[in-house]
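Engineer: structural data only, the sequence is not supplied:
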Ligand code: ADP
Ligand code: MG
């Protein structure tokens, strides 16, 4: 008996079901496609209604140009699109959709009702499709525009339906999609109804700033800095969150490339890199970034759902994004961080910790004047220091408008926990981690010397030999020239051993061994992840400063005072180069409120 399997062409309705798997994997992807269609149709108002996490229904209504009866019938055919004609058009698509697959795919796996009317037509068309088969197509009275209602998603693909998550989870994904387009299109009015309750109403004709304020609230918005940058043929605008807005995941990173929501690993990398010295490991920045590049320099056609983009010159994009964010964050040197950061808990049962840092000659506390800070263009108004200091004080603080300096005077009162410096200012209480502060000050001094090309090197009285792990030695050998430029007097001393005879002078007294070991470990990590020479340098500098600070276990009160002054002059005073906060601020208003003295 002949048992050779017979090859058959799949009927369309089967092929559509398979294709649906690429475009539609959950209610949120249905929503994405429907919103994109509404935007492409020139809608100015879009209303979204979902129920039961979108499993019951996802309904999108728009006031766009609508479709004639013939076009409506065509629109649910596979590869039916009005947006491109041939392959050449792919090079210059300026609509969000272009594959002509979404409606066919969604129709194949749901009960869909498409109701549409051209603006000038007397009546509209309603088409009912169940599992890809047209059940009914008739003339109806309806407002101009289009409504697509998708019910019982995957009713005929039980295997997929099973994979849908809880209503709550699906709801979260739906909201994320809604928010994404609400941000990318602030001029469009949006409404979101979840399980019959209106949860968002976003007025049309908003600016990005107004839209973000409506979505996030004014308090969160205050912690965003405007981004404005262009270079290398790339323009980058939007908003970037101060370190306080750091989150446990990337869910508040919205990036749009040429107006299209986009992700690309190079973008995530660039954002993390820009914030690396501002956020702790495992924390992610909040950003809303609009990147505009020549359409020919980016490929949006790599992912079935068009989620990922690929850049022709990815490194250029990475460097520009990093530059844009750093520039933005540096201007805001006025803001004193604080706040939602927890203070280390002091265990009152055990003995007080032995000081790891001695402040000599502490009492009597004396006041010293605090330098006026250089003012950034937006910082003083939008970010008075009180207003970023913790959830509590945000509410009621009235900022001394117009002054760029956090305090005009400062008094060192003492030390707690054997480490933290307690200070009084006219606006409130300040706790400073002198190690973190010192690291930031040293780091910027070192990088400054490096950038102006004159790292001062200090010869050692007695050169030291340092033996490294083989991998670290390898990295040091690769970067020998760079390390020498950075002020290290280094030479190979056989196998994995190096002779150190000079060190960067700005770091002060520190063991060459500790310093080289820290730097080598950092180089090892940088080497694995790749990155430009500048990034490698920064890592070496961070490691060096960490070692230098660790070596100091004693500071005189004058040095503490100098540290406060120096810190205020850094570009990024909020955190040490590894992302730990340098100071925590608590305003008097907050203190009064906490003591019930309102
Ligand atoms: P694509 O968006 O890739 O063209 P779709 O399957 O999403 O493919 O849509 C097919 C076609 O149906 C679109 O090209 C458009 O002409 C029409 N269409 C879809 N949704 C709407 C809408 N909301 N308003 C007007 N026309 C629409
Ligand atoms: Mg589409």
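Structural biologist: Great, that's in hand. Keep in mind that this is a model prediction, so the values were computed, not measured. Ligands and ions are numbered 1, 2, ... in the order given.
Engineer: excluding chain neighbours, what is closest to residue 33?
Structural biologist: The shortest distance from residue 33 to any residue that is not its chain neighbour, by Cβ to Cβ, 6 or more residues apart in numbering, is 3.8 Å, and that residue is residue 102. Every residue, glycine included, has its C-beta placed from N, CA and C.
Engineer: okay, that neighbour: pLDDT?
Structural biologist: Predicted confidence (pLDDT) for residue 102: 90.
Engineer: which residues touch it?
Structural biologist: Taking Cβ atoms under 8 Å, 6 or more residues apart in numbering as the criterion, residue 102 is in contact with 23, 24, 33, 34, 36, 37.
Engineer: and residue 215, what does it touch?
Structural biologist: For residue 215, the set of contacting residues under the criterion of Cβ under 8 Å, 6+ apart consists of 179, 182, 183, 200, 202.
Engineer: quick check: phi and psi at residue 569.
Structural biologist: phi -90, psi 0 (degrees, to the nearest 10).
Engineer: what's the burial count for it?
Structural biologist: Applying other Cβ atoms under 10 Å, we find 14 residues neighbouring residue 569.
Engineer: do the one 3 residues further on as well
Structural biologist: Under the neighbour criterion other Cβ under 10 Å, residue 572 is assigned a count of 21.
Engineer: so it touches residue 440, yeah?
Structural biologist: Yes - with contact defined as Cβ atoms under 8 Å, residue 572 counts as touching residue 440 (7.0 Å).
Engineer: now the contacts of residue 215 as TSV including distance to ligand 1 and pLDDT?
Structural biologist: Listed next are the contacts of residue 215 as TSV, based on distance: Cβ to the nearest ligand atom, whole Å; pLDDT from 0 to 100:
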residue	distance to ligand 1	pLDDT
179	20	97
182	17	98
183	20	98
200	20	96
202	19	97
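Engineer: which element is whichever residue of the chain sits closest to ligand 2 on?
Structural biologist: Of the chain, the residue with the smallest distance to ligand 2, taken as Cβ to the ion, is residue 97 at 2.7 Å. Take DSSP states H and E as the rule and residue 97 turns out to sit in neither a helix nor a strand.
Engineer: ok, residue 220 next?
Structural biologist: Secondary structure assigned from DSSP H and E places residue 220 in helix 218-221.
Engineer: near ligand 2, which residues of the stretch 1-150 of the chain?
Structural biologist: Counting by Cβ under 5 Å from the ion, the residues of the stretch 1-150 of the chain close to ligand 2 are 37, 97, 102.
Engineer: go again using 8 Å as the cut-off
Structural biologist: Residues of the stretch 1-150 of the chain lying near ligand 2 by Cβ under 8 Å from the ion: 33, 36-37, 40, 81, 83, 96-103.
Engineer: the chain too?
Structural biologist: Residues of the chain lying near ligand 2 by Cβ under 8 Å from the ion: 33, 36-37, 40, 81, 83, 96-103.
Engineer: let me see the ranges of the helices in the stretch 351-500 of the chain.
Structural biologist: Remark: helices of the stretch 351-500 of the chain, listed N- to C-terminal, are 379-382, 390-396, 434-451, 470-478, 480-485; assignment by DSSP state H, counting those that start in this stretch.
Engineer: pick the most deeply packed of those helices.
Structural biologist: helix 434-451 (a mean of 22; mean count of other Cβ atoms under 10 Å).
Engineer: what inclination does the strand ranked longest in the chain have with respect to helix 470-478?
Structural biologist: If you go by DSSP state E, the chain has its longest strand at strand 457-467. Strand 457-467 and helix 470-478 meet at an angle of 150 degrees, taking axes from the mean of the first three to the mean of the last three Cα atoms, to 10 degrees as the criterion.
Engineer: circling back: any chance of JSON lines for the helices of the stretch 351-500 of the chain, columns mean pLDDT?
Structural biologist: Shown next, in JSON lines, are the helices of the stretch 351-500 of the chain (pLDDT from 0 to 100):
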{"stretch": "helix 379-382", "mean pLDDT": "29"}
{"stretch": "helix 390-396", "mean pLDDT": "28"}
{"stretch": "helix 434-451", "mean pLDDT": "89"}
{"stretch": "helix 470-478", "mean pLDDT": "88"}
{"stretch": "helix 480-485", "mean pLDDT": "89"}
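Engineer: among these, which is nearest residue 550?
Structural biologist: For the helices of the stretch 351-500 of the chain, proximity to residue 550 was assessed by Cβ to Cβ; helix 434-451 is nearest, at 7.7 Å.
Engineer: packing partners of that closest one?
Structural biologist: Packed against helix 434-451 by the contact rule (3 or more Cβ pairs under 8 Å, 6 or more residues apart in numbering; DSSP states H and E) you find helix 533-550, helix 557-568.
Engineer: return the most buried member of those.
Structural biologist: The densest packing among the helices and strands packed on helix 434-451, expressed as mean neighbour count by mean count of other Cβ under 10 Å, is seen in helix 533-550 with a mean of 21.
Engineer: what's that helix packed up against?
Structural biologist: Contact partners of helix 533-550 among helices and strands, from 3+ Cβ pairs under 8 Å, 6+ apart: helix 434-451, helix 480-485, helix 512-529.
Engineer: circling back to that earlier point, what's the ChimeraX line that selects buried ones from the residues of the stretch 1-150 of the chain next to ligand 2?
Structural biologist: Selecting only the buried entries of those in ChimeraX, with 16 or more other Cβ atoms under 10 Å as the criterion:
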select :33,36,37,40,81,96,97,98,99,100,101,102,103
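Engineer: let's see which of the residues of the stretch 1-150 of the chain next to ligand 2 end up in helices.
Structural biologist: Secondary structure defined by DSSP state H assigns 33, 36, 37, 40, 102, 103 of these to helices.
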